[in-house]
Each structure stands twice: as C-alpha cells, then as structure tokens.
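1. what would the 3D arrangement of this be:
(2 chains)
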Amino acid sequence: MSREDIQTGLAEILEEVAGVTPADATPEKSFTDDLDVDSLSMVEIATAVEDKFGVAIPDDELANIKTVGDAISFIEKNQG
Amino acid sequence: MSTSTDVVVTGLGATTPLGGDVTSTWEALLAGRSGVSRITEDWIKEFPAQLVARLAQEPADQIDRVRARRLDRSQQVAVIAAEEAWRHSGAGDAGVDPLRIAVVIGTGIGGALTLLGQDDVLEEKGPKRVSPFTIPMLMPNGPAAAVGLAIGAKGGVHAPVSACASGAEAIRWGLDLIRFDRADVVLVGGTEACVHPLPMAGFAAMRAMSTRNDEPERASRPFDKGRDGFVLGEGAACIVLERGDAARARGARIHARLAGAAGTADGYDLVAPHPEGEGAARAITAALRDAGLSPSDIQHVNAHATSTPVGDTAEAAAIRSSLGEHVLVSATKSQTGHLLGAAGALESVFTILALREQIVPATANLEDPDDDAAVQALDIVRNEPRRTSLTAAVNDSFGFGGHNIALVFTTA
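-> Have a look, this model is predicted:
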C-alpha cells in the first residue's frame, strides 16, 4: 500500500475516532498539539489501525508516534 | 454555615421521556402525555416486565458525534441537561470565577451500558479490544466529571450515589456547598440511562416492575389500587443554584428558592421501605425545620411514588404524618416512568415549575385509589392539573438502601 493510500485510510480513522477533518490529517501534523487527539484516543486509533492495515502498534512504539507522518511510516514499514 | 443563606434557582435543564428539554417536558406533563412504551426488540420476549420510558429525543440528535462516543449514555444526557440549565441561568456569561463554580450530579446505576457493552467486547474479542474509555465511561462520577468539564467548574465536582435518591441528594449537597461558602454557583442534578436486559432482569427479579405489558401508558399508576410496580425510565435533569444576592446582582431570573433540605436513613431494611414511612417522615420534618417552615406552610408535594405496592403506601403515611392532609400531592412518575438516579432532580424541576407557574401537575392513571387509610386521606391531584396559589412545596425521594431526601422549595 502506498503512503498516499495509508494516509487516506489513516485520515478515515482519525475522522471516525477523533473527529479530525480528513484534509487536516497531513503528515506534518502532531496528534496532540495540532489535532487535539489525546492519549486514550491514540489507543483507539492504534486498534483501528490494526483492523484496517493489519499492523499492530506495540505500546512502546505508540509512544514514539508523534505525527501523522510517523504513523504512516510505521504502517508502511510494518505492513505485510 | 448559615441556613439563612438565600439559595435560589436560576436555571433548569432536562431531557426526559416526555421531551428533549424542560419546556417540551413540562408541556407534555401538563397535557397528560405518557412517556411509556412497550419494548419491541427480540431480547424482551422472555421478560415478565416489558415496558420502558425511553428518551423522547435521542442524545445523538443533541450532541456532537465524536463527543458522544466518549460518553456513556448516562453522561450524554447529563451533559445535555446541564448545558441547557447553564444556558438558561446565564451564569456562564456572568463572569463567575471558575474556582467558585461546583457541580454535583448523582446517578443510581452509573455507566451500566458501557460496563455491559464492554463486557460483551471482552467475551467476544478479548481484552485488547476493550475501549480505553471504558473506565471513565462507567465510573459513577463520570457524569459529574463530564458536566464539570462542559461548564468549566473548578470549585469541586461531586457525585452522590444513593440509588433513586441520588438526584435529590445532589440538590441537597449543592445547597450545603453554597451555605458553607464553598461555592457561589452549583450546577446540581441527576442522570440515568440503563435500559438494558441486565438491569431490567434484576429489577424484574425483585418483582419491582410493572407487568401491565399490554397497556403501557396505563402501567405506571402511583397510589392506584391496580398498581403493580414501576416502569424504568431514562433521562437527566439539572438545576443551577446560586447565592440569592449574587443572582440578583447580575439580574438573573429567579425561578424559585431552595429553602431547605434534609436526609435520613431508614435503618430498617436494605430495600423494603419502612411500612409507616418513618424515615421518610423524619426527612420531611427535618427539611421543614431547615427551611424554617411549618407543615401548614406547604401546599404541594411532588411525591416519589414509583407505583410499587409497598412504596406508595409507606410514602402516603409519611406525607400524612409529617405534613398533614391538606397538601396537594402529584406523582409525576405516572407519566415519566422512574428515572432512578435522575428522578429526584426531574421532580424538583417539576416542583420549581409548579411554584413558578402556580399549577400542580396531575397524577395519571389514578382511577381507583388504594384502600390504604393514608392514601384515602391525601388530596392527590388527578385527571387534570390544578391551578392554585402556591408559596412552598416539598419534593421527596427515596432509594434502595433506606435513603430518604426531602427538599423544600419556595416561590421567588
């Protein structure tokens, strides 16, 4: 799956879980500072990512994912 | 502390089986409409009691989707009622110091739908799939906390839990907070939303619910000879309490005064009321003393009257022994069903509106009053609301556990 496809899929998750407008879910955005996504919502997002992309995000990795771009890269690198 | 502190009501909010706000709920109440219907989902088939008083307006229609998915249904309705009350009071625009704003919201059951729903997730999909919002959504202080965030209260957020007295207990705590000068404005209320097979089965197992399944609108019939239990309802109601001098200084509309409150415990049985309503009568008498009023000063009682065989007669005895036979009694659960932890708050809203509008709501379905001597002696308003001159009224609430709360409201 391409980075663009991953970004589109991630944007759908962010809209569903946290009400983020898809156009705002761009790679440079910080989840907490720009998109107002709190730590509990990040856990929900991680679960939804696993469902959608088949990529599990361990807790220690989740802590390092600060931006939408970080998440896209993690999914890209770990997809089967 | 000073019981002479003037505490007034400046805002009201509610979402109930009769309407999605205070105005529609009150109009439906006075029009004699019922919020009760029969459950049609498959799961109800084996249940002896199949009736429910669901919200007239779904919370999803009144609250943002993303916000709603992080709130248990009991929290959604609490926030909806609280925001209505807060807007109604105008306190949010009055520049009150957030450190002087407190919240007290009670619930009887808490986030039962979340608890049970996430237990299904746990069983079916395993622990990793349980929502990270499970705990904040099921904790019984969750509705109070959500409301506190919604209105920016930093002076304290509290959550009394005393079953079906919780909403009334919240109002009593609010009065104390202002009297003790812990806060200048307190948003109080109660909430409940637990229409689900497990609570329904539990209440049915206690033989507490009406099984008049073929006549939903006639099932909740407090004080009537044919009553056979309560009808479970859902919803929330909130009230904004303020120091009278501060409310007047900012030009707020004052709907009524909260003149006094009291709470007692039966010390008799875990769930059965004392047959003579001894603890309930003590609560009413103590609330009157707290308000500096005599029984003859009270013209109206909004009764707890859930339509259970033993509860209604015990309460009738308590009202008769503490207040006398002259009071006009209304049992509004005949139309709203029993909102458990929200009941005392909703019925206080009705009591306040009765005083403001000078009208006593009717008790629906009271066709053949119980032969009990106290029921026979009381003047229970039936058929139609009664217009009359009112200056002071009592709302009483009781909860499993032997909790009794009485509140005294007077005209502004």
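2. just give the number of residues close to the closest residue to residue B:208 other than its chain neighbours.
-> Spatial nearest neighbour of residue B:208, excluding adjacent residues (C-beta to C-beta, 6 or more residues apart in numbering or on different chains): residue B:229 at 5.4 Å. Placement of C-beta: from N, CA and C, glycine included. Using other C-beta atoms under 10 Å in any protein chain shown, residue B:229 has 26 other residues around it.
3. pretty sure residue B:229 contacts residue B:211?
-> Yes: the criterion here is C-beta atoms under 8 Å, and residue B:229 meets it with residue B:211 at 6.9 Å.
4. check the contact lists of those two and give me the overlap.
-> residue B:49 (C-beta atoms under 8 Å, 6 or more residues apart in numbering or on different chains).
5. got the contact list for the residue of the stretch 1-150 of chain B found nearest chain A?
-> Per C-beta to the nearest C-beta, the residue of the stretch 1-150 of chain B with the smallest distance to chain A is residue B:66, at 3.3 Å. Neighbour list for residue B:66: A:17-19 [criterion: C-beta under 8 Å, 6+ apart].
6. same thing with residue B:297?
-> B:288, B:391-392.
7. could I get the pLDDT score of the residue of chain A found nearest chain B?
-> Nearest residue of chain A to chain B (C-beta to the nearest C-beta) works out as residue A:19 at 3.3 Å. For residue A:19, the pLDDT comes out at 95.
8. now the residue lying closest to it once chain neighbours are set aside: which helix or strand?
-> Sequence neighbours aside, residue B:66 is the residue nearest to residue A:19 in space, at 3.3 Å (criterion: C-beta to C-beta, 6+ apart). Using DSSP states H and E, residue B:66 maps to helix B:65-69.
9. let's see that helix as CSV, backbone CA atoms only.
-> Extracted C-alpha coordinates of helix B:65-69, given in CSV (Å, rounded to 0.1, in the frame of the first residue of the first chain):
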residue,chain,number,x,y,z
ARG,B,65,-20.9,12.6,17.4
VAL,B,66,-17.2,12.4,18.5
ARG,B,67,-18.1,13.8,21.9
ALA,B,68,-20.9,11.3,22.3
ARG,B,69,-18.7,8.3,21.6
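10. buried stuff in that helix?
-> Within helix B:65-69, the residues that count as buried by 16 or more other C-beta atoms under 10 Å in any protein chain shown are B:68-69.
11. beyond that helix, next helix or strand please.
-> helix B:73-89.
12. hmm, that following helix touching chain A?
-> No: taking C-beta under 8 Å from any C-beta of the partner chain as the criterion, helix B:73-89 and chain A are apart, separated by no less than 14.7 Å.
13. average pLDDT across that helix?
-> Helix B:73-89 comes out at a mean pLDDT of 98.
14. what of stretch B:377-397?
-> Per-residue scores along stretch B:377-397 average to 97.
15. which positions within that stretch qualify as buried?
-> So, applying 16+ other C-beta under 10 Å, buried residues of stretch B:377-397: B:378, B:380-382, B:385-386, B:390, B:392-397.
16. how far is it from where the chain is centred?
-> 17 Å (C-alpha atoms, centre = their mean, to the nearest Å).
17. next: stretch B:245-265.
-> 18 Å.
18. CA atoms only: put that stretch into PDB for me.
-> Below are the C-alpha coordinates for stretch B:245-265, written out as PDB (Å, rounded to 0.1, in the frame of the first residue of the first chain):
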ATOM      1  CA  ASP B 245     -27.700  38.200  46.400                       C
ATOM      2  CA  ALA B 246     -25.200  37.300  43.700                       C
ATOM      3  CA  ALA B 247     -28.000  36.200  41.300                       C
ATOM      4  CA  ARG B 248     -30.000  39.400  41.900                       C
ATOM      5  CA  ALA B 249     -26.900  41.500  41.500                       C
ATOM      6  CA  ARG B 250     -26.300  40.100  38.000                       C
ATOM      7  CA  GLY B 251     -30.000  40.400  37.100                       C
ATOM      8  CA  ALA B 252     -30.700  36.700  36.800                       C
ATOM      9  CA  ARG B 253     -34.300  35.500  36.600                       C
ATOM     10  CA  ILE B 254     -35.100  33.600  39.800                       C
ATOM     11  CA  HIS B 255     -37.400  30.700  39.400                       C
ATOM     12  CA  ALA B 256     -37.700  29.600  43.000                       C
ATOM     13  CA  ARG B 257     -35.800  29.400  46.200                       C
ATOM     14  CA  LEU B 258     -34.300  26.200  47.700                       C
ATOM     15  CA  ALA B 259     -35.300  26.900  51.200                       C
ATOM     16  CA  GLY B 260     -34.300  23.700  53.000                       C
ATOM     17  CA  ALA B 261     -33.200  20.100  52.700                       C
ATOM     18  CA  ALA B 262     -32.600  17.100  54.800                       C
ATOM     19  CA  GLY B 263     -31.700  13.400  54.500                       C
ATOM     20  CA  THR B 264     -32.300  10.400  56.800                       C
ATOM     21  CA  ALA B 265     -31.800   6.700  56.700                       C
END
